[in-house]
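1. Quick one, what's the 3D model for this:
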Amino acid sequence: MPEAIWISFAFGLGLLVKVVHLPPLVGYLAAGFILSALTAFPGSNISAEPTEVLGHIAHLGVLLMLFTVGLKLKFKTIISTEVIGGSLLHFGITCFVFTPGLYLFLDITWYVAFMLAVALSFSSTILAAKVLESKRELRAFHGRVAIGILVMQDLIALVVMSLAAGKTPSEWALIVFGLPLLRPLLFRLLDASGHDELLVLLGMLLALVLGGLGFEAVGLSSELGALLFGAVLANHPRSQELAKSLWSVKEIFLVGFFLQIGIGGLPDMHSVMFALAASLILPLKGILFFFLMILFRLRARSSFLTSLALTNYSEFGLIVASIALPQWMVPLAITVAFSFVISAPLNRVAHSLYERF
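-> Sure thing, here's the model as predicted:
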């Protein structure tokens, strides 16, 4: 079973990059590219090509990630002017500025330029959450604002993915509007599941079976289903316990997603140049967030710390690209990895940077 060997190799590289204080995701992507390079090497006996099993693992990782995002969808987290206004304005300005620039410099269609701008507008939920949690700042004001903006971006990404997929729902899709009626039953199941493996299995049942397969059966996006089932449970007192119990499982499956990208093909010079150019304009993303937070009357310190947490590119951009721009997966993957290499060290010294500058 080659997938087991690939995941073991990804673990090794993930551990290696963690030693130098970089996110393991960078190692997973590198593992995929190295496996792809070894396959292409003359005389090599190693065969690494995307398989159906790896594709399923990758898809499960995406669904579990969206389910855990749904578990954080509490209205008190996202209903504030700085969160709603900041996320929507940043998304609109980024797309308005990036789309014509990408169209002119890359000689691509307007649709491709717009979808690339959309993919680059998002910030990483995984990186920001890990950085804030490691500094015990998830519950700080700037941490709550950053997470709220990330949730709004995830919702925008989901809308874009649904439109890009172009699926036509069946008449049974109207059943979705009755989903809130299931809340009492789901709450009872969550209460009865205890604190051990049944809790994890319940989360996987809701995310993968009812949300994933259930929504696909009525012609809707499986990603939308996973997110909505998570959102239904968001107000339960144990929703965050469920999210934490699924965290490791989700991360393991997401290894398959990043491995699949790397194994799918080696980056060429154009991909690397695109990633470097996107990395050079990354500070503009943080500066825009900073001034938008100032516009919404946040203190300079809170604005700076929030903006720095959001100064990166997102794994959600890769998920959007997997549906709308599969030919751009490798360039965007390298772009995300470069942004993590830049953002992670800066966030560790965020308070020192603010005090100095």
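
2. which residue ranges form the helices in the stretch 51-200 of the chain?
-> Secondary structure of the stretch 51-200 of the chain by DSSP state H, counting those that start in this stretch: the helices cover 52-71, 75-78, 81-106, 110-121, 125-134, 141-165, 183-192, 197-204.

3. Report the buried residues of the last one.
-> What it means is helix 197-204. Of all the residues in helix 197-204, those buried under the rule 16 or more other C-beta atoms under 10 Å are 199, 202-204. Placement of C-beta: from N, CA and C, glycine included.

4. what's the model's confidence in the helix or strand just after it, averaged?
-> If you walk from helix 197-204 toward the C-terminus, the next helix or strand you reach (DSSP states H and E) is helix 214-217. Model confidence over helix 214-217, given as mean pLDDT, is 83.

5. tell me which strands and helices helix 214-217 is in contact with?
-> Other helices and strands packing on helix 214-217, by 3 or more C-beta pairs under 8 Å, 6 or more residues apart in numbering; DSSP states H and E, are helix 222-232.

6. Keeping just the C-alphas, turn the helix it packs on into PDB.
-> Presented in PDB, the C-alpha positions along helix 222-232 are these (Å, rounded to 0.1, in the frame of the first residue of the first chain):
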ATOM      1  CA  SER A 222     -20.600  17.900   0.300                       C
ATOM      2  CA  GLU A 223     -18.400  20.800   1.600                       C
ATOM      3  CA  LEU A 224     -21.600  22.800   2.300                       C
ATOM      4  CA  GLY A 225     -23.100  19.800   4.100                       C
ATOM      5  CA  ALA A 226     -20.100  19.400   6.400                       C
ATOM      6  CA  LEU A 227     -20.100  23.100   7.300                       C
ATOM      7  CA  LEU A 228     -23.800  23.300   8.000                       C
ATOM      8  CA  PHE A 229     -23.900  20.200  10.200                       C
ATOM      9  CA  GLY A 230     -21.000  21.700  12.200                       C
ATOM     10  CA  ALA A 231     -22.900  25.000  12.400                       C
ATOM     11  CA  VAL A 232     -26.100  23.300  13.800                       C
END
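
7. can you state the direction angle for the helix or strand just after it and helix 52-71?
-> Helices and strands here follow DSSP H and E; after helix 222-232, the next one along the chain is helix 239-263. Using axes from the mean of the first three to the mean of the last three C-alpha atoms, to 10 degrees, the inter-axis angle of helix 239-263 relative to helix 52-71 is 150 degrees.

8. from the chain's centre, how far out does helix 239-263 sit?
-> Helix 239-263 has its C-alpha centroid displaced from the chain centroid by 11 Å (C-alpha atoms, centre = their mean, to the nearest Å).

9. Just want the angle from it to helix 183-192.
-> Counting by the same axes, to 10 degrees, helix 239-263 points 90 degrees away from the direction of helix 183-192.

10. Contacts for the very next helix or strand once past helix 239-263 next, please.
-> Counting by DSSP H and E, the element after helix 239-263 in chain order, helix or strand, is helix 269-280. Counting by C-beta atoms under 8 Å, 6 or more residues apart in numbering, helix 269-280 makes contact with 106, 120, 267, 313, 330-331, 334-335, 337-339, 342, all of which sit outside it.

11. pull the CA atoms of helix 269-280 into CSV?
-> Listed in CSV are the C-alpha atoms of helix 269-280, where the atom choice follows Å, rounded to 0.1, in the frame of the first residue of the first chain:
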residue,chain,number,x,y,z
MET,A,269,10.2,27.9,-13.0
HIS,A,270,6.9,29.7,-13.7
SER,A,271,5.3,28.3,-10.6
VAL,A,272,8.2,29.3,-8.4
MET,A,273,8.3,32.8,-9.9
PHE,A,274,4.6,33.2,-9.3
ALA,A,275,5.0,32.1,-5.6
LEU,A,276,7.9,34.5,-5.1
ALA,A,277,6.0,37.4,-6.6
ALA,A,278,3.0,36.6,-4.4
SER,A,279,5.3,36.5,-1.4
LEU,A,280,6.7,39.9,-2.2
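
12. Next, the buried residues of it.
-> Taking 16+ other C-beta under 10 Å as the neighbour-count basis, helix 269-280 is seen to contain the buried residues 271, 274-275, 278-279.

13. following that helix, which helix or strand shows up next?
-> Toward the C-terminal end, the helix or strand that comes next after helix 269-280 (DSSP H and E) is helix 282-295.
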